[in-house]
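# here is a sequence together with a model predicted from it:
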Amino acid sequence: MNRRDFNKAAAVVGAASAFSPLNVLAQGARLKVGVLLPRSGVQALIGQSCQKGADIAPAVLKQIFGVDIELMNADTESNVDTARTRAERLIQEGANVLVGAFDSGHTSAIAQVAEQRGVPFVINIAAAPPITEQGYKFVFRNFPTAIDLTRNGLSLMGEIFRTTSVAPRSCVFMHVNDTFGQAMSKAIPPTLARLTELPFKILDTISYDPAAKDLTVEVSKAKAANADFLMLVCRLNDAIILRREMAKQRWNPMGIISPGSPGLYEEQYNKALGPLAEYAICNTVWYNPKSEMTKIVGAQFKKQFPKDELTFHGTNVGYTFDAVMIAADAFRRSKSADPKVLAEAIRATDIPVARRMSLGGPIKFNAKGQVEGNLSAAIQNQKGLPRVTLPAQFAESKVIFPSPDYKKS
Amino acid sequence: MPLDLVVNVTIAGVLTGLVYGLMALGLSVIFGVVRVVNFAHGEMMTIAMYAAVILFGAFKVDPFLAVLPVAAVFFALGYALQAGLINPFITRPEHSQFILLVAVATIMVNGLLIGFGPDARNLQVPYQLESWEFGKILLDKARIYAAAAALATSAALFLFFKYSLTGKAIRACADNNLGALVVGLNVKHLYALTFGLGSACVAVAGCMMILLVDVTPNLGPAYTLLAFVIVIVGGLGSMPGALLGGVLIGVSEALAGLYITPSAKSMMSFGLLILVLLFRPQGLLGRKA
């Protein structure tokens, strides 16, 4: 090699190292996280609630991991097609990783885009089982599937009945007719059949449009089933409409119990309905009020959103924060923002229980990109606040069932 | 299927259908006279719903009292919209009118999004969750009041067109535009008056509808479509047709939800629409062109 060749080689190596991800990170590069959530449309309130979890993440993760995160927020407008095009655009604009998207339908669409484009996608909330059954290499979910969610939710239902010594014999099952609602409705009957300790039968199953403006017919049908309690898989707006319609039709079953869906514990549900919101129970994924991470996140939440209470946003904030944290942790370990390197690093995630905000075991992805062992809690609205009532080790108050206004038909 | 369930659901369908009918009545009146299809109709009703929410939130004005100021403002706005914007388009091709009103609708939706955000809003009047009980039959108070107001407004509009001089002049414009011009009627003023009346109708419907459903900025297009379905079923330009169409759609949606599945409600309305288009294209009470 002569002097001229040596100089050329040195220039190439220099240029390559200057632009390599490792160097970029060393010079204080940031991870660009594309956050896709339904911040408008029928799911706007929950999407905005999840967004708070993403918004507090950069400050907290800078503090604990020392990494810089740039959020690239996109509104899916509660629409599957918009979710797909927004994901495409975020990738074009340079997102290194995607996070979202609350709704199973939107999430499925984004997962396809992420897989095609080779960009890792960390799901915050979405339960439809097929999302992690497609053999995707770039899709990761730290949220229970509808099957796990249902199993946890129904087991807690049994615990509620044992704790209160009440044995309802029947229920009417109402669910939103979207990807999530259908996944739950498919998962419930077989799970219920396996859980022999649950004493009730489903008398009728009623599905309804998630964008329904009026649920008169649905509630009339449900009331006519003459069931002991209402098992409900809902979203937020429909849950409010449905509860009002129940009051209009003077239908007071033993209670409303969700085996794992949003809606009933949200701030807007409590605010809009006042006393009517009381005693609704939702057996769903929740945050661990005693975890160290919850305290750190809670402090940042209070700083950024002084008018809001974390308890109303716990699940949405917790799981969205955890999703951004998974991406940040992979970025920290791999020292690269390259999507393929990031995807491999995410696959090797091992975040201990103490580091996570949501209830569950350590965050580890299985071969399908699914975290197993996320837990649910029985949340009941009491005095305008969602309170953990079961499992006993996390309980903030005792579960009340049946509702005091229960009228036997 | 228990009889009381069928009766309860049918009554709810009739009552909701009457409010739908009032909303569609505005569209039908405007088309019947001005021959312009108001593609911003649902959006206008959404604005009226927001107006009722604001008046209730700020001054605790019951939506039934809010009807008067909201309808008056809508009449004025409707008049101005027709006189200032739509009249120049009367003689232009239909696609120009279509694009104009779609643009107006889009501006309205986006204005509402900017002003109120995407969240659903509602109001809580004391009788909102109350109902009368007759044995196993439940009558939702808010729905009964809203349906009664819809009937009263429709009757007032019918009487206005039938007996007042202005109403007769408007009908003359609708029947024979050239003849109206020849006898010296101020057709453009009458058109604007008609658009104002149609807007006032939709304002009343909006004030009633807020008692039944929550409002979001994106509610408009669905109601525009619903109003079209109703007036096509009832007969474009026919006032009784709009009410009949509203009731038919309300009842068919309710019974489809009951007997088939609640998710099939819209399917039934569009099924009815196709049947009417196939077998009676002018609508149930419409006149042949």
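Noted; the coordinates are in hand. Remember, it's a predicted structure, so these values are computed and weren't measured experimentally.

# and residue B:234, how close does it get to residue B:81?
Separation of residue B:234 from residue B:81 (Cβ to Cβ, to the nearest Å): 24 Å. All C-beta atoms are positioned from the backbone trio N, CA, C, and that covers glycine.

# oh sorry, the question was meant for residue A:97
Using Cβ to Cβ, residue A:97 is found at 48 Å from residue B:81.

# list the contacts of the closest residue in space to residue A:359 that isn't next to it in sequence.
Nearest non-adjacent residue to residue A:359, counting by Cβ to Cβ, 6 or more residues apart in numbering or on different chains: residue A:375, 4.2 Å away. Contacts for residue A:375 were tallied using Cβ atoms under 8 Å, 6 or more residues apart in numbering or on different chains; they are A:152, A:285, A:286, A:359, A:360, A:361, A:391.

# contacts for whichever strand or helix holds residue A:388?
Assigned by DSSP states H and E, residue A:388 belongs to strand A:385-390. The contact list for strand A:385-390 (Cβ under 8 Å, 6+ apart) reads A:156, A:159-160, A:163, A:265, A:270, A:281-282, A:286, A:289, A:309, A:311-312, A:314, A:377-381, A:394-399.

# just the ones of these in helices?
A:156, A:159, A:160, A:163, A:270, A:311, A:312, A:314 (DSSP state H).

# ok, and the most crowded of those?
Counting neighbours by other Cβ atoms under 10 Å in any protein chain shown, residue A:314 comes out on top of these with 29 neighbours.

# can you verify my assumption that that residue contacts residue A:285?
No - the pair residue A:314 / residue A:285 is not scored as a contact, 9.6 Å apart, by Cβ atoms under 8 Å.

# can you list the low-confidence ranges for the chain?
Reading this off chain A. A:1-28, A:407-409 (pLDDT under 70).

# my question was about chain B, not that one.
Applying pLDDT under 70 to chain B flags residues B:288-289.

# for it, longest helix please?
Determined from DSSP H, the single longest helix within chain B is helix B:3-34.

# and residue A:199, how close does it get to residue A:371?
From residue A:199 over to residue A:371 the distance is 32 Å, taken as Cβ to Cβ.

# tell me which of the two has more neighbours.
Remark: of residue A:199 and residue A:371, residue A:371 carries more neighbours, 26 against 13, as counted by other Cβ under 10 Å.

# that one: what's it in contact with?
When contacts are counted by Cβ under 8 Å, 6+ apart, residue A:371 touches A:140, A:141, A:142, A:143, A:360, A:363, A:364, A:365.

# relative to chain B, how far out is the closest residue to the fifth one other than its chain neighbours?
Spelled out, that is residue A:360. Excluding the flanking residues, the one nearest residue A:360 by Cβ to Cβ, 6+ apart is residue A:374, at 3.9 Å. Using Cβ to the nearest Cβ, to the nearest Å, residue A:374 is found at 29 Å from chain B.

# residue A:113 too?
Counting by Cβ to the nearest Cβ - residue A:113 and chain B are separated by 24 Å.

# can you tell me the element that residue falls in?
For residue A:113, the host element (DSSP H and E) is helix A:104-117.

# could I have the CA atoms of that helix written out in PDB?
Provided in PDB are the C-alpha atoms of helix A:104-117 (Å, rounded to 0.1, in the frame of the first residue of the first chain):
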ATOM      1  CA  SER A 104     -56.300  -3.500  17.900                       C
ATOM      2  CA  GLY A 105     -57.500  -2.700  14.400                       C
ATOM      3  CA  HIS A 106     -55.200   0.300  14.100                       C
ATOM      4  CA  THR A 107     -52.400  -1.700  15.700                       C
ATOM      5  CA  SER A 108     -52.800  -4.500  13.100                       C
ATOM      6  CA  ALA A 109     -52.600  -2.000  10.300                       C
ATOM      7  CA  ILE A 110     -49.500  -0.400  11.700                       C
ATOM      8  CA  ALA A 111     -47.900  -3.800  12.400                       C
ATOM      9  CA  GLN A 112     -48.100  -4.600   8.700                       C
ATOM     10  CA  VAL A 113     -46.400  -1.300   7.800                       C
ATOM     11  CA  ALA A 114     -43.700  -1.800  10.400                       C
ATOM     12  CA  GLU A 115     -43.000  -5.300   9.200                       C
ATOM     13  CA  GLN A 116     -42.800  -4.300   5.500                       C
ATOM     14  CA  ARG A 117     -40.500  -1.400   6.300                       C
END
